[in-house]
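K.L.:
Sequence and predicted structure, then a few things I'm wondering about:
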Amino acid sequence: MSEESEKKPLRVRRSPLLLQPKPHFVRLEELAASLRLAHTEHGRIKEIRNVSASIDRIVRISIASRWRGANCKHEMENDMRVSRTAMLVTVASLAFAGAVAPALAKMPMREQIVTVGGSPMYPSKNIIQNAVNSKDHTTLVAAVKAAGLVETLQGPGPFTVFAPTNAAFAKLPPGTVDSLLKPEMKSKLTGVLTYHVVPGRLSAKDLLEAAKRNGGTAEFKTVEGETISVESKGNMIIIRDAKGNASKVTIQNVFQSNGVIHVIDRVLLPS
């Protein structure tokens with residue numbers, strides 16, 4: 001062996017499988033800036049500029065950092081094609097999401113409809129508009145009309161209404177309802193009806209949490225001026241009036257545009 005060959009260093013070709021790829025971090029804000037997405041009012045993409053050039057540059061930097069020192073041109077080019085394709089798919093997905101999201105945000109949400117008295121109660125309608133369609137509340141609607149409270153309950157509110165059914169009114173002493181509906185009894189009828197209304201939009205959760213915070217019972221001031229007591233028994237809500245009579249909430253959370261209705265099985269009476 002010659003002296004010259006002994007001095008010449010051996011050149012060893014390393015297999016790409018033995019190369020440990022170095023972590024490479026892409027500046028996402030740089031890529032996002034290069035996209036320069038512009039949307040129309042309908043959420044569609046108006047233009048995407050310089051995407052391909054930016055991706056090519058980022059892929060070259062990333063691949064070069066992983067294959068530095070290797071002499072495997074074919075494998076490196078294949079890696080570049082795969083990486084570029086993956087990044088293009090990612091960018092396209094992000095662009096699509098950015099275009100579609102504003103449009104989805106403008107779509108109307110489906111109403112959470114509750115059926116009461118055989119009819120759907122729409123959250124987009126007010127208390128009167130829904131109540132008149134319930135077959136279980138014809139007595140209540142007649143009483144509201146007789147008391148001149150239609151306009152009030154069509155107002156902005158919000159109101160929480162405890163709505164007794166026809167069966168609840170039937171539990172009153174005979175002749176009570178007929179007596180209350182007489183013109184000369186309008187003041188007393190108004191007092192009874194407004195005793196079923198609490199200012200604000202109080203969901204079943206609100207009522208239960210208030211009761212639990214106060215040892216199982218919470219008091220709420222009604223529009224009539226006196227208070228009602230709300231008791232929690234598990235997930236059941238019991239309403240107790242000034243005379244101590246208990247009424248159970250049978251249908252909770254019938255949301256309206258101007259409040260919420262809770263259906264009850266007994267009429268509440270003020271003192």
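P.N.:
Okay, I see it. Residues are numbered from 1 along each chain as shown.
K.L.:
Every contact and neighbour count from this point should use C-alpha atoms.
P.N.:
Will do.
K.L.:
ok, which stretches of the stretch 151-271 of the chain are strands?
P.N.:
Taking DSSP state E, counting those that start in this stretch to define them, one finds strands in the stretch 151-271 of the chain at 159-164, 197-199, 217-221, 227-233, 236-240, 246-256, 259-264.
K.L.:
So for V132, which of those strands sits nearest?
P.N.:
Proximity to V132 (CA to CA) singles out strand 159-164 among these, at 12.1 Å.
K.L.:
what sits against I264?
P.N.:
I264 sits next to 162-165, 168, 247-251 when contact means CA atoms under 8 Å, 6 or more residues apart in numbering.
K.L.:
let's see 6 Å
P.N.:
163-164, 248-250 (CA atoms under 6 Å, 6 or more residues apart in numbering).
K.L.:
Show the pLDDT at it.
P.N.:
The score at I264 is 97. That number is its pLDDT.
K.L.:
what is it paired to in the beta sheet?
P.N.:
Beta bridges link I264 to P164, V249, judged by DSSP bridges.
K.L.:
Who are the contact partners of P120?
P.N.:
Contacts of P120 (CA under 6 Å, 6+ apart): V114.
K.L.:
Assumed it was part of a helix.
P.N.:
No - counting by DSSP: H, G, I helix; E, B strand; the rest coil, P120 is located in no helix; its state is strand.
K.L.:
From I239, how far off is it?
P.N.:
Counting by CA to CA, to the nearest Å, the gap from P120 to I239 is 25 Å.
K.L.:
out of the strands of the stretch 151-271 of the chain, which comes closest to K205?
P.N.:
Nearest of the strands of the stretch 151-271 of the chain to K205, taken as CA to CA: strand 246-256 at 9.0 Å.
K.L.:
now the angle between strand 236-240 and the closest one, please.
P.N.:
110 degrees (axes from the mean of the first three to the mean of the last three CA atoms, to 10 degrees).
K.L.:
what angle separates strand 246-256 from strand 259-264?
P.N.:
Using the same axes, to 10 degrees: strand 246-256 against strand 259-264 is 150 degrees.
K.L.:
same for strand 246-256, what does it pack against?
P.N.:
Packing contacts for strand 246-256, counted by 3 or more CA pairs under 6 Å, 6 or more residues apart in numbering; DSSP states H and E, involve strand 236-240, strand 259-264.
K.L.:
Including distance to K205, could those go into CSV?
P.N.:
Formatted as CSV, those follow (distance: least, CA to CA, whole Å):
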stretch, distance to K205
strand 236-240, 10
strand 259-264, 12
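K.L.:
what's the most buried one of those?
P.N.:
When the helices and strands packed on strand 246-256 are scored by mean count of other CA atoms under 10 Å, the highest mean neighbour count falls to strand 259-264 (a mean of 24).
K.L.:
Return the per-residue confidence for G157.
P.N.:
85.
K.L.:
so what's it up against?
P.N.:
G157 neighbours (CA under 6 Å, 6+ apart): N258.
K.L.:
Low-confidence ranges, this protein, go.
P.N.:
Within the chain, the ranges that satisfy pLDDT under 70 run 1-111.
K.L.:
For K243, which non-adjacent residue is spatially closest?
P.N.:
S271 (6.3 Å; CA to CA, 6 or more residues apart in numbering).
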